[in-house]
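K.L.:
Structure, please.
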Amino acid sequence: MDPIARFKRQYAYNHWANHELAAGVLAMPGDTTRAVKVLNHIAGAERLWQERLHGDLVTAVVWPDGPASSIPAQFDAIHATWMLFLDNQREEKLLRPISYMNSRGEPWANRVEEILTHVIIHSAYHRGQLAMQIRDHGGDPPMTDFIHAVRVGLVD
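P.N.:
Residues are numbered from 1 along each chain as shown. Model prediction:
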């Protein structure tokens, strides 16, 4: 599988898994304040990386506030932007470095492929935290394993 197709598949999985966890948080018994904060962070961080990759002035907030009800639509918009970005890539463009300032104001540069990989891993890390929060509140977290999504045909 070529790298662009692989990233599209991973981002399709990421989108599905983010939605699954959002639904799990919305159904979570008890106080969801902390879990909603983490969901908003996943969305905020993905937007921030999108802005960096596009060379835009970074306006995204890493830890934004927002109602839980807005999160699924945010994930849909973010996913559409990822797919558009990937549709406009070529394999050699994945190797180009992108210079940016991190949230501490430090200058860095990473290849596009490294950034794309980081976003997937970052979101998965926080989905694991959310699954623990759901379980700690007496809920049953949704299954969001990649292999599960492939086995049941949720990801091609």
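
K.L.:
roughly how far is stretch 42-55 from the heart of the chain?
P.N.:
10 Å (Cα atoms, centre = their mean, to the nearest Å).

K.L.:
Now do the buried residues in it.
P.N.:
For stretch 42-55, a neighbour-count test (16 or more other Cβ atoms under 10 Å) marks 42, 43, 44, 45, 46, 47, 48, 49, 50, 51, 52, 53 as buried. Just so you know, the C-beta spots here come from the backbone N, C-alpha and C atoms, and that holds for glycine as well.

K.L.:
residues touching the third one, list them.
P.N.:
Same thing as residue 44. 60, 61, 62, 63, 64 (Cβ atoms under 8 Å, 6 or more residues apart in numbering).

K.L.:
Now do stretch 106-121: distance to the chain's middle.
P.N.:
So, by Cα atoms, centre = their mean, the centroid of stretch 106-121 is 13 Å from its chain's centroid.

K.L.:
C-alpha coordinates for that stretch, PDB please?
P.N.:
Provided in PDB are the C-alpha atoms of stretch 106-121 (Å, rounded to 0.1, in the frame of the first residue of the first chain):
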ATOM      1  CA  GLU A 106      10.200  26.800  20.600                       C
ATOM      2  CA  PRO A 107      11.100  26.400  16.900                       C
ATOM      3  CA  TRP A 108      11.000  22.900  15.500                       C
ATOM      4  CA  ALA A 109      10.800  21.200  12.100                       C
ATOM      5  CA  ASN A 110       9.500  17.800  11.300                       C
ATOM      6  CA  ARG A 111       8.700  15.900   8.100                       C
ATOM      7  CA  VAL A 112       5.000  15.800   7.100                       C
ATOM      8  CA  GLU A 113       5.000  12.000   7.600                       C
ATOM      9  CA  GLU A 114       6.200  12.400  11.100                       C
ATOM     10  CA  ILE A 115       3.500  14.900  11.900                       C
ATOM     11  CA  LEU A 116       0.800  12.700  10.400                       C
ATOM     12  CA  THR A 117       2.000   9.800  12.400                       C
ATOM     13  CA  HIS A 118       2.200  11.900  15.600                       C
ATOM     14  CA  VAL A 119      -1.500  13.000  15.300                       C
ATOM     15  CA  ILE A 120      -2.700   9.400  15.000                       C
ATOM     16  CA  ILE A 121      -0.700   8.300  18.000                       C
END
